[in-house]
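> quick one, what's the 3D model for this:
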Amino acid sequence: MFRNKRTEGELKLYRFILKKFGYRPKRIAYFQKAVTHRSHINEEGHHYSNERLEYLGDAILDSITAEYLFLKFPENDEGALTKLKSKIVNRKNLSKLGEDIGIREVLLYNKSRSINISTLEGNAFEAIVGAIYLDGGYEKTKKILNEYVFRKYLDFNQILHEEIDFKSKLYIWCQRKKLKLHFKLVSEEHAEGQWQYTIVVQINNQDYGIGKGKSKKVAEQNASKETFELLGEL
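Numbering: from 1, shown residues only. As a prediction, this is how the structure comes out:
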């Protein structure tokens, strides 16, 4: 907990974490480290930076994001989930997250140096995740990320549109509309040393797009694409 006499900086940081993450810090020192860039070392008596917390937060964020996507998109295969996770936790997106949350309000760094602030915000965001984990535990960190970060700052529809293949998109489209999706193998033929598969997409037991390919995966992709075209979604 705080010392009896709270400094202005501690109060500002406490209020920021409470407002942006819905979390009441017990040990504010973790969060002071989380928002301190190494360029600030030795300024005003600071002898620490957020790099170790950033390392920890990166691992925790990766784990919680993987679990979140696994539960949110039960029909997606590991390839689609990996694509989506990498889109969420990459440097560019974390920098945007840090900027959208407004971490620069409490970020401590050497303002006389030419530094990319958005990158610092992304790193500090990971460090804050690490601080919450140390201060409140894994389950609390997971709840905060799910309720305060993923829900408010991540546009999953946009990310999916950019990153996920037609089959995965179709699964998500049907899931959102509570429709039953099935990929039916119509035929598999072997000629001239190659296999040729024909797949039809069935939505609520009604046939839609048909796709052919040298593998079932390719045929499913082509059938999914044609289904979107028939539905007027492309």
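
> for the longest helix along the chain, packing partners?
Across the chain, the longest stretch assigned as helix under DSSP state H is helix 51-72. Judged by 3 or more CB pairs under 8 Å, 6 or more residues apart in numbering; DSSP states H and E, helix 51-72 is in contact with helix 28-34, helix 78-89, helix 117-136, helix 138-144. To be clear about C-beta, it is placed using only N, CA and C from the backbone, and glycine gets the same treatment.

> so what pLDDT did Ile128 get?
For Ile128, the pLDDT comes out at 97.

> ranking the helices and strands packed on helix 51-72 by mean pLDDT, which is last?
helix 78-89 (a mean of 83).

> who does the following helix or strand past that helix touch, helix- and strand-wise?
Downstream of helix 78-89, the first helix or strand assigned by DSSP states H and E is helix 91-101. If contacts are counted by 3+ CB pairs under 8 Å, 6+ apart, helix 91-101 sits against helix 117-136, helix 151-153.

> and the shortest one, what other elements does it pack with?
Translated: helix 151-153. helix 91-101.

> in the helix it packs on, what's buried?
93-99, 101 (16 or more other CB atoms under 10 Å).

> where does pLDDT dip in this protein?
Within the chain, the segments meeting pLDDT under 70 span 1-5, 42-47, 112-114, 157, 160-164, 234.

> let me know the outermost residue of it.
Glu192 (44.9 Å; CA atoms, centre = their mean).

> for that one, give me phi and psi.
phi 50, psi 40 (degrees, to the nearest 10).

> please apply the same query to Glu75.
According to degrees, to the nearest 10, Glu75 has phi -90, psi -10.

> how many residues are close by it?
Neighbour count for Glu75, taken as other CB atoms under 10 Å: 13.
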